[in-house]
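[1] sequence below, structure please.
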Amino acid sequence: MKYGILLAFGAIAAIILLSGCTSSGSCSTDKNCKDYQFCDSAKRTCLPKQGFCATDKECNDTMKICSQTSHQCSFIKGTCRADNDCEGWQLCSITTNECKPKAGFCDTDAFCNQVSERCDPLRHVCAPKPGLCRDSFDCQSWEDCNTTSGRCVPLQGKCSVEVDCNPWQTCNASSHQCLVKKGFCINDLNCKQSEICDSQIKRCLTAPGFCDTDEDCTLWQICNFTSRKCISKRGQCGSNADCKAWQVCGVEGNDYRCLTRPGMCSDDSDCGPWQQCKSADHTCATRAGFCQSSADCPYDQRCDNNPQSITAYRCVGILCSKNDDCPGGLGCDPTAQRCRMQPGITNK
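    This next block holds a predicted model:
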């Protein structure tokens, strides 16, 4: 039984040994190691490849450390043994083994004019402090350099504070753009379609031909608040175009009103007593049973044009004193003074 157990343990140990690992860091091939390591087959241990490291001690240099990212030895930042150990804008001080700025470069503000300059942390050169400049490249994209004062100033229409804009504008802190204040305007595009921008007061005013109140219109007009257009008051006009086709614009009292054109009518009162106004074309037409002249009557009648007569503007029999006063075929009844058909005579 014990012999069997020993054989089992031996088999398991062999499998582990062949798989490459018996403990942490042990190996049988390079595949069992990390990218920057190789397998020391004698020690069956993963060790750094040539030029790589795992700890600072493996760098064998007090000024170097092992990068845990690249696993390569590099100088501690700012230390050196030669110029190549420093950045491009630096030189190596042999006495102190420190990287120092080349002539014309800097690593702190102490190298610069303390009044107007600072050390640019990206370019490592002395550059004007924020807001100061030598040329436009020292300023923000929305600024230009005033070389006389040596200061950055906003471009036309740009701003950093409210005072950089016109009194009717405000400064947008994000875009540095001068924007029109609410209730003010720069041009007509800031106003409604019915308004124009007054260039002096920078406010939107009612445009000619438009209105905001009735007072913006003439005496015979009112303001349509939907279209902002002046329209004629009901029954009033400014020209014939404001009237119906059968009307004309004329003065009545103190107003311009639509009046009925001569020969046309608006109702029966515009026509003669024998007429009525036709709504279709607003012309006067003779009423049924009435007449304007004898031509409107039968041949043996005439139109009574006496407005005082009870038969005014109606066709009546012809008055006569003798037969000659009557049309052919008719005789005069002397008693009634009316033309009558004579006995035995047929009217043809």
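[2] do me a favour and average the pLDDT over stretch 169-186.
    Mean per-residue pLDDT for stretch 169-186: 93.
[3] can you give me the helices for the stretch 1-150 of the chain?
    2-19 (DSSP state H, counting those that start in this stretch).
[4] shaky segments in it?
    Low-confidence segments of the stretch 1-150 of the chain (pLDDT under 70): 1-25.
[5] what's the first helix or strand after the helix or strand containing Gln276?
    Element membership of Gln276, judged by DSSP states H and E, is strand 275-277. Using DSSP H and E, the helix or strand that follows strand 275-277 in sequence is strand 284-286.
[6] got the buried residues for that following strand?
    284, 286 (16 or more other CB atoms under 10 Å). C-betas here are computed from N, CA, C, even on glycine.
[7] now do the contacts for the closest residue in space to Gln236 that isn't next to it in sequence.
    Among residues not flanking Gln236 along the chain, Trp220 sits closest, at 4.1 Å (CB to CB, 6 or more residues apart in numbering). By CB atoms under 8 Å, 6 or more residues apart in numbering, the contact set of Trp220 is 232-233, 236-238, 255-256.
[8] recalculate using a threshold of 6 Å.
    233, 236, 238, 256 (CB atoms under 6 Å, 6 or more residues apart in numbering).
[9] got these as a markdown table, with secondary structure, neighbour count and pLDDT columns?
    Listed next are those as a markdown table, based on DSSP: H, G, I helix; E, B strand; the rest coil; neighbours: other CB atoms under 10 Å; pLDDT from 0 to 100:
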| residue | secondary structure | neighbour count | pLDDT |
| --- | --- | --- | --- |
| Lys233 | coil | 17 | 85 |
| Gln236 | strand | 19 | 84 |
| Gly238 | coil | 17 | 82 |
| Tyr256 | strand | 22 | 84 |
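[10] got TSV for the residues you listed, with distance to Ser93 too?
    Putting those into TSV (distance: CB to CB, whole Å) gives the following:
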residue	distance to Ser93
Lys233	97
Gln236	100
Gly238	95
Tyr256	101
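[11] quick check, nearest of those to Glu87?
    Each of those was checked against Glu87 using CB to CB; the closest is Gly238, at 84.8 Å.
[12] what domains does the record give for the protein?
    What automatic domain parsing lists as the domains of the chain is 110-202, 214-260, 268-341.
[13] which one of those lies closest to Asn97?
    Nearest to Asn97, of the domains of the chain and by CB to CB, is domain 110-202 at 20.0 Å.
[14] distance between the ends of the closest one?
    51 Å (CA to CA, to the nearest Å).
[15] next: stretch 235-249.
    Stretch 235-249 end-to-end distance (CA to CA) = 10 Å.
[16] chain center to it: distance?
    Relative to the centre of its chain, stretch 235-249 is centred 40 Å away, using CA atoms, centre = their mean, to the nearest Å.
[17] and for it, what's in contact with it?
    220, 232, 255-259, 261, 264, 282.
[18] where's the dip in pLDDT among those?
    Lowest confidence among those: Asp255, with 76.
[19] any idea what the residue nearest to that one when sequence neighbours are not counted is bridged to?
    Using CB to CB, 6+ apart and skipping residues adjacent in sequence, the residue nearest Asp255 is Gln236, 5.6 Å away. As for beta bridges, Gln236 partners with Arg257 under DSSP bridges.
[20] if I look at Gln236, how far off is Asp61?
    105 Å (CB to CB, to the nearest Å).
[21] now the residue nearest to Gln236: how far from Arg261?
    19 Å.
[22] what of Thr147?
    Distance of Thr147 to Arg261, computed by CB to CB: 79 Å.
[23] what are the phi and psi values at Asp324?
    phi -70, psi -20 (degrees, to the nearest 10).
[24] quick one: contacts for it?
    Contacts of Asp324 by CB under 6 Å, 6+ apart: none found.
[25] and Cys332, what does it touch?
    320, 322-323, 325-326.
[26] and with 8 Å instead?
    320-323, 325-326, 338-340.
[27] for stretch 103-115, list every residue counted as buried.
    In stretch 103-115, counting by 16+ other CB under 10 Å, buried: 105-107, 111-112.
[28] for the strand holding Gln276, packing partners?
    Under the contact definition 3 or more CB pairs under 8 Å, 6 or more residues apart in numbering; DSSP states H and E, strand 275-277 sits against strand 284-286.
[29] the strand it packs on: how far from the chain's middle?
    How far strand 284-286 lies from its chain's middle: 60 Å, per CA atoms, centre = their mean.
[30] which other helices and strands contact it?
    Strand 284-286 packs on strand 275-277, going by 3+ CB pairs under 8 Å, 6+ apart.
[31] give me the contacts around the strand it packs on.
    For strand 275-277, the surrounding residues in contact (CB under 8 Å, 6+ apart) are 265-268, 270-271, 283-287, 290, 292.
[32] can you turn the buried part of these into a PyMOL selection?
    Of the contacts of strand 275-277, the buried ones go into a single PyMOL selection, burial set by 16+ other CB under 10 Å:
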select buried, resi 265+266+270+271+284+286+287+290+292
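[33] a markdown table please, covering the contacts of strand 275-277 and showing distance to Arg151 and pLDDT.
    Shown next, in a markdown table, are the contacts of strand 275-277 (distance: CB to CB, whole Å; pLDDT from 0 to 100):
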| residue | distance to Arg151 | pLDDT |
| --- | --- | --- |
| Cys265 | 84 | 92 |
| Ser266 | 79 | 90 |
| Asp267 | 83 | 91 |
| Asp268 | 88 | 90 |
| Asp270 | 84 | 90 |
| Cys271 | 89 | 89 |
| Thr283 | 85 | 92 |
| Cys284 | 88 | 90 |
| Ala285 | 91 | 88 |
| Thr286 | 96 | 86 |
| Arg287 | 96 | 86 |
| Phe290 | 99 | 89 |
| Gln292 | 97 | 85 |
